[in-house]
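Visitor: A predicted structure for the sequence below; I have some questions about it.
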Amino acid sequence: MLDEQEAKAQLIAELRESQRKLSTLLANLPGMVYRRANNARGAIESVSDGCASVTGYRSSDLIHGAGGAYADLIHPEDQPRVRTTIEKALDESEMLEDGLQALRQAYAETRRLIAGVRSPILEQSGLEAALADLASSARKRSSRTVDFQSELQCNRLPPVLENAIYRIAQESLNNACQHSRSKKVLMTLVQDGDVIRLEVRDWGRGFDPAAVRQGMLGLEGIRERARLLDGTAVIDSQRRQGTTVRVTLPLPASVAARGCRLAGALRDGGPAR
């Protein structure tokens, strides 16, 4: 319930900020921005203050006032051409809106799928425990040193964020253990103000990122998960110099401002040497 209230408060604050920015933009735009009824007369429903310099009318005169009909502001000979131009623009706007709506639906579905599959230990015990378990499992499977260090300040994060970090860490560890031939792998998780940083590093054979063919699902998946949460993913690698995957994700404002407990450093297996 608390998370829902915080989310609602955040949305209200964001809406108010958007309205403030829109009002500032309209007040400083050259020319005139307006909204009118979609009929022949076109009663003006809202208009920016720039209308005074364009029409000679104040905004209060145009909105439902004596000069409030859009048609009255257009010379009779120009009205057919203006009407045709407006209709064409509206048609193009509807096509654009249809495309944007399809994109929004695809984005929402992708986020739902990313959040839909959660590890039991992640669900029950949280992100630190889940990443420690990943490191322990990778160490047992590969017989190499795999360490995990955490400086996470929050007991729990939003599920979609926890799941994204977990899947990115899982893919990065798998790549390091299967391909790097490194004797050690270090995974670190740090909360720094309003961002979370995950880093998975090995000291193995490395590779040339520019030479990796497009469509490699592992690396693409890491980048895509970060992008969907407005974060960044950088894969830094050189031959015989090892590989580092660095992912930075923003924390929701409600989480960053919550005042989470200071967890200190959690180490699984001790620091890499």
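Guide: Here it is on my side, so go on.
Visitor: use CA for all of it now, contacts and neighbours both
Guide: Will do.
Visitor: Distance of S142 relative to K184?
Guide: 10 Å (Cα to Cα, to the nearest Å).
Visitor: and the two? which has more neighbours close in?
Guide: K184 (20 against 14; other Cα atoms under 10 Å).
Visitor: Could you give the bridge partners of that one?
Guide: Beta-bridge pairing for K184 (DSSP bridges): T145.
Visitor: from what I can see it touches S143, true?
Guide: No. Checked against Cα atoms under 8 Å, the pair K184 and S143 is beyond contact range at 9.7 Å.
Visitor: Tell me where the stretch 101-250 of the chain has strands.
Guide: 145-151, 184-192, 195-202, 232-238, 242-250 (DSSP state E, counting those that start in this stretch).
Visitor: Quick one: those as a markdown table, columns for mean pLDDT and distance to R58 too.
Guide: Below are the strands of the stretch 101-250 of the chain laid out as a markdown table (pLDDT from 0 to 100; distance: least, Cα to Cα, whole Å):
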| stretch | mean pLDDT | distance to R58 |
| --- | --- | --- |
| strand 145-151 | 94 | 58 |
| strand 184-192 | 94 | 50 |
| strand 195-202 | 96 | 47 |
| strand 232-238 | 92 | 48 |
| strand 242-250 | 95 | 44 |
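Visitor: Deepest-packed of those, please.
Guide: strand 145-151 (a mean of 23; mean count of other Cα atoms under 10 Å).
Visitor: now for that one, which elements pack on it?
Guide: Other helices and strands packing on strand 145-151, by 3 or more Cα pairs under 8 Å, 6 or more residues apart in numbering; DSSP states H and E, are helix 127-142, strand 184-192, strand 266-268.
Visitor: Any idea which of those gets closest to G31?
Guide: When these are compared by Cα to Cα, strand 184-192 sits nearest G31, at 44.6 Å.
Visitor: I'd guessed T232 sits against T248; true?
Guide: Yes. If you go by Cα under 8 Å, T232 and T248 touch, sitting 5.3 Å apart.
Visitor: list residues touching both of the two?
Guide: Taking Cα atoms under 8 Å, 6 or more residues apart in numbering as the contact rule, T232 and T248 both touch A226.
Visitor: In JSON lines: the strands of the stretch 101-250 of the chain, plus distance to P120.
Guide: Listed next are the strands of the stretch 101-250 of the chain as JSON lines, based on distance: least, Cα to Cα, whole Å:
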{"stretch": "strand 145-151", "distance to P120": "19"}
{"stretch": "strand 184-192", "distance to P120": "20"}
{"stretch": "strand 195-202", "distance to P120": "21"}
{"stretch": "strand 232-238", "distance to P120": "26"}
{"stretch": "strand 242-250", "distance to P120": "23"}
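Visitor: Nearest to G56, out of those strands?
Guide: For G56, the closest of these is strand 242-250, at 47.9 Å, according to Cα to Cα.
Visitor: Tell me which other helices or strands the closest one touches.
Guide: Strand 242-250 packs on strand 195-202, helix 217-228, strand 232-238, going by 3+ Cα pairs under 8 Å, 6+ apart.
Visitor: Of the ones you listed, give the one that comes closest to G50.
Guide: Here helix 217-228 is closest among the helices and strands packed on strand 242-250 (Cα to Cα), at 38.5 Å.
Visitor: average model confidence for the closest one?
Guide: Helix 217-228 shows a mean pLDDT of 85.
Visitor: Can you report how many residues neighbour G50?
Guide: G50 - counted by other Cα under 10 Å - has 21 other residues nearby.
Visitor: Grab the nearest non-local neighbour of it.
Guide: M32 (4.9 Å; Cα to Cα, 6 or more residues apart in numbering).
Visitor: which element is the one you found on?
Guide: M32 belongs to no helix or strand when elements are defined using DSSP states H and E.
Visitor: Distance-wise, check it relative to S48.
Guide: Distance from M32 to S48, by Cα to Cα: 6 Å.
Visitor: more crowded one of these two?
Guide: S48 (20 against 16).
Visitor: Which residue is the nearest non-sequential neighbour of that one?
Guide: V33 (5.3 Å).
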